[in-house]
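Asker: any chance you can model this:
(2 chains)
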There are 2 protein chains.
Amino acid sequence: MVKGKKTAPKKKPLILVSNDDGISFYGIRLLVDIMKELGEVVVVAPSGPQSGMGHAITIGNTLRLEETNIFKGVKAFECSGTPADCVKLAKDFVLKGRKPDLVVSGINHGSNSSISVLYSGTMSAAMEAAIEGMPSIGFSLCDYSPNAEMEHGRKFIKQIAKQVLEKGMPKGIALNVNIPAKSKGKIKGIKVCRQARARWQEKFEERRDPRGRRYFWMDGNFVSLDNGHDTDEWALDNNYISVVPCSFDMTAHETLAELNASFSKMKKA
Amino acid sequence: MVKGKKTAPKKKPLILVSNDDGISFYGIRLLVDIMKELGEVVVVAPSGPQSGMGHAITIGNTLRLEETNIFKGVKAFECSGTPADCVKLAKDFVLKGRKPDLVVSGINHGSNSSISVLYSGTMSAAMEAAIEGMPSIGFSLCDYSPNAEMEHGRKFIKQIAKQVLEKGMPKGIALNVNIPAKSKGKIKGIKVCRQARARWQEKFEERRDPRGRRYFWMDGNFVSLDNGHDTDEWALDNNYISVVPCSFDMTAHETLAELNASFSKMKKA
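Answerer: Numbering: from 1, shown residues only, chains lettered A, B, ... in the order given. The predicted structure follows:
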């Protein structure tokens, strides 16, 4: 927006919507509904479930992209690929050079807090947008029950998206927003947090197929390793919405000096 | 290792090997060959190509795991899933509680430097190990030509793996090691670096299938956005092996204060 030209008619912001549960999931329907109040919405989302896809992209195979009219009055495309593929196709093909003012992904069915951000397809769409310099937010609901209620998140999702549209964000950042389950009661507010240290303790369930051959289902429990009160896990446990700014710079900067020292010694050895 | 017990016989370190090009790829054969000189090797690797899979895991589908004798004298399993699945299955099923002293992944056919670390299946195996507290390294060769020569990396790979086995690593870190192509001439040494700022500029090639329906191939060019001399791209351009310590904490810590300030103002509005 041009500052000082307050009388000029405001151009509607362009908002790209994606997800990882697939284009027909009710979480993305609600997200589209909220975003329509804030701008012009274009949807590019996977045609089927892509949960747990992390930052996967489709390079060894072909991609399909088909227009669909499942969202009334909204330009929408379903893509055979991953959430990251969707954002790439949106940017380079669907939007033909128009740069979204905001990219949102979700609402995911299940938590993407803490370490789950790495495995999350929802967040990979947001991260892909951040890499491309677009402000982006992934929204997830911490409720795995079938048909989990999401409507209680509506006003917070709108508030956070509006804030980012109006105030912008630090460059190259995607917000990882997690919303407590409705069953936990009244949401107390929004907390900006760091990612809690945690991991998944997997359990592989061994089964036999009808031909007697072994296969596995991955299952697991979330194990918290962090007692901090400044983490997303703390916020969610205490019924706040957690907002973690995420970066695609994976460098562990704090270890560079130590590793430099030990690797230079190695070279002399 | 127990300090002060220098006369006790050293136990052979346990080394888990995976990759993303698939278990039959020649890059993993060379890596297994090198690791056999350093310890007891167990392989759990994808049965087929998993390039570009990022940190995907298989949660909406089943997994297969079959023992194979393709590596002489080495216990090896091929898995239908992603590189991250392989490490999870290795830890929880194949190794039955034995914790590897080192997890290595690769040698990848093609660069995983800079932003490519996010899309990399090779690095997701290493990151998964780091999450589990195991020292880990992903090795990639910056050469996309078919049957790219990898042997010139052998002594450096052994040196880096040995260093990590002997000196350990900061906790929760995976090393992203990229090796210049042989065609670039003599390797000058090893540099510990940060991840360069860069992105992929995609090009989607539109084609028609035999039934006239549209499909796409993703292609793209690497675009460097960084002039620093402390980056992996600089090191590789100058014929050094690049070593980037990678963390699974995605939090953009440097933005927490700024976002906290702007989000608290929002709440008052």
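Asker: now do the contacts for residue A:179.
Answerer: A:107, A:139, A:140, A:141, A:142, A:150, A:152, A:153, A:156, A:157, A:187, A:241 (C-beta atoms under 8 Å, 6 or more residues apart in numbering or on different chains). Every residue, glycine included, has its C-beta placed from N, CA and C.
Asker: swap in 6 Å and give it another go.
Answerer: A:141, A:153, A:241 (C-beta atoms under 6 Å, 6 or more residues apart in numbering or on different chains).
Asker: possible to save these as CSV with neighbour count?
Answerer: Converted to CSV, these look like this (neighbours: other C-beta atoms under 10 Å in any protein chain shown):
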residue, neighbour count
A:141, 25
A:153, 27
A:241, 24
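Asker: tell me which of the residues you listed fall in strands.
Answerer: Of the positions in the contacts of residue A:179, A:141, A:241 sit in strands, assigned by DSSP state E.
Asker: want to throw the contacts of residue A:179 into TSV with distance to chain B and pLDDT?
Answerer: Formatted as TSV, the contacts of residue A:179 follow (distance: C-beta to the nearest C-beta, whole Å; pLDDT from 0 to 100):
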residue	distance to chain B	pLDDT
A:141	17	98
A:153	16	97
A:241	10	97
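Asker: reformat the contacts of residue A:179 as a markdown table; add distance to residue B:266.
Answerer: Shown next, in a markdown table, are the contacts of residue A:179 (distance: C-beta to C-beta, whole Å):
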| residue | distance to residue B:266 |
| --- | --- |
| A:141 | 21 |
| A:153 | 16 |
| A:241 | 12 |
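Asker: so which of the contacts of residue A:179 is the closest to residue A:168?
Answerer: residue A:241 (20.0 Å; C-beta to C-beta).
Asker: what sits against that closest one?
Answerer: A:156, A:179, A:190.
Asker: so which strand or helix has the residue nearest the centre of chain A?
Answerer: The structure's chain A has its C-alpha centroid closest to residue A:123; by C-alpha atoms, centre = their mean the separation is 2.5 Å. Using DSSP states H and E, residue A:123 maps to helix A:121-131.
Asker: then that helix to CSV, C-alphas only?
Answerer: Extracted C-alpha coordinates of helix A:121-131, given in CSV (Å, rounded to 0.1, in the frame of the first residue of the first chain):
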residue,chain,number,x,y,z
GLY,A,121,2.3,-30.8,5.3
THR,A,122,0.2,-27.8,6.5
MET,A,123,3.4,-26.0,7.6
SER,A,124,5.3,-27.0,4.5
ALA,A,125,2.8,-25.0,2.4
ALA,A,126,3.4,-22.0,4.7
MET,A,127,7.2,-22.5,4.7
GLU,A,128,7.3,-22.7,0.9
ALA,A,129,5.5,-19.4,0.8
ALA,A,130,8.0,-17.9,3.3
ILE,A,131,10.9,-19.0,1.1
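Asker: poorly predicted segments of the stretch 1-150 of chain A, please.
Answerer: A:1-9 (pLDDT under 70).
Asker: once you drop chain neighbours, what's closest to the residue nearest to the centre of chain A?
Answerer: Nearest residue to residue A:123, sequence neighbours excluded (C-beta to C-beta, 6 or more residues apart in numbering or on different chains): residue A:138, at 4.3 Å.
Asker: my read is that that neighbour contacts residue A:124, right?
Answerer: No - counting by C-beta atoms under 6 Å, residue A:138 sits too far from residue A:124 to count as a contact (8.5 Å).
Asker: what's the burial count for residue A:14?
Answerer: 17 (other C-beta atoms under 10 Å in any protein chain shown).
Asker: ugh, typo on my part, it should be residue A:97
Answerer: 6.
Asker: and what of the one 3 residues further on?
Answerer: Around residue A:100 there are 24 other residues, counting by other C-beta under 10 Å.
Asker: helices of the stretch 51-200 of chain A, start to end?
Answerer: A:83-89, A:121-131, A:154-167 (DSSP state H, counting those that start in this stretch).
Asker: residues in contact with the last one?
Answerer: So that's helix A:154-167. Against helix A:154-167 from outside (C-beta under 6 Å, 6+ apart): A:13, A:34, A:38, A:102, A:135, A:139, A:241, B:262, B:266.
Asker: contact partners for residue A:64?
Answerer: Residue A:64 touches A:80, B:215, counting by C-beta under 6 Å, 6+ apart.
Asker: spatially nearest residue to residue A:107 (excluding sequence neighbours)?
Answerer: The shortest distance from residue A:107 to any non-neighbouring residue, by C-beta to C-beta, 6+ apart, is to residue A:27 (3.8 Å).
Asker: those residues of the stretch 151-269 of chain A touching chain B, which are they?
Answerer: Residues of the stretch 151-269 of chain A that fall close to chain B, judged by C-beta under 6 Å from any C-beta of the partner chain: A:163, A:167, A:170, A:173, A:190, A:192, A:194-195, A:199, A:202, A:204, A:215-218, A:244-252, A:255, A:259-260, A:262-263, A:266.
Asker: what helices or strands is the host helix or strand of the residue nearest to residue A:107 leaning on?
Answerer: Under the criterion of DSSP H and E, residue A:27 resides in helix A:26-36. Helices and strands touching helix A:26-36, as assessed by 3 or more C-beta pairs under 6 Å, 6 or more residues apart in numbering or on different chains; DSSP states H and E, comprise strand A:14-18, strand A:40-46, strand A:102-109, helix A:154-167.
Asker: buried residues in that helix?
Answerer: Residues A:27, A:28, A:29, A:30, A:31, A:32, A:34, A:35, A:36 are the ones in helix A:26-36 that count as buried (16 or more other C-beta atoms under 10 Å in any protein chain shown).
Asker: correct me, but the fifth one touches residue A:107?
Answerer: Yes - distance between residue A:31 and residue A:107: 5.3 Å, which falls inside the contact criterion (C-beta under 6 Å).
Asker: got any residues that touch both of those two?
Answerer: Common neighbours of residue A:31 and residue A:107 (C-beta under 6 Å, 6+ apart) do not exist.
Asker: and stretch A:249-268, how far out from the chain middle?
Answerer: From the chain centre to the centre of stretch A:249-268 is a distance of 31 Å (C-alpha atoms, centre = their mean, to the nearest Å).
Asker: now do the buried residues in it.
Answerer: Residues of stretch A:249-268 classed as buried: A:249, A:250, A:251, A:252, A:255, A:256, A:259, A:260, A:262, A:263, A:266 (neighbour count, 16+ other C-beta under 10 Å).
Asker: restricting to C-alpha, output the helix holding residue A:27 in CSV.
Answerer: Extracted in CSV, the C-alpha atoms of helix A:26-36 (Å, rounded to 0.1, in the frame of the first residue of the first chain):
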residue,chain,number,x,y,z
TYR,A,26,-13.9,-29.2,6.1
GLY,A,27,-10.9,-27.4,7.7
ILE,A,28,-10.1,-25.7,4.4
ARG,A,29,-13.7,-24.8,3.8
LEU,A,30,-13.8,-22.9,7.1
LEU,A,31,-10.4,-21.2,6.3
VAL,A,32,-11.7,-20.1,2.9
ASP,A,33,-14.8,-18.8,4.5
ILE,A,34,-12.8,-16.6,7.0
MET,A,35,-10.4,-15.4,4.3
LYS,A,36,-13.2,-14.3,2.0
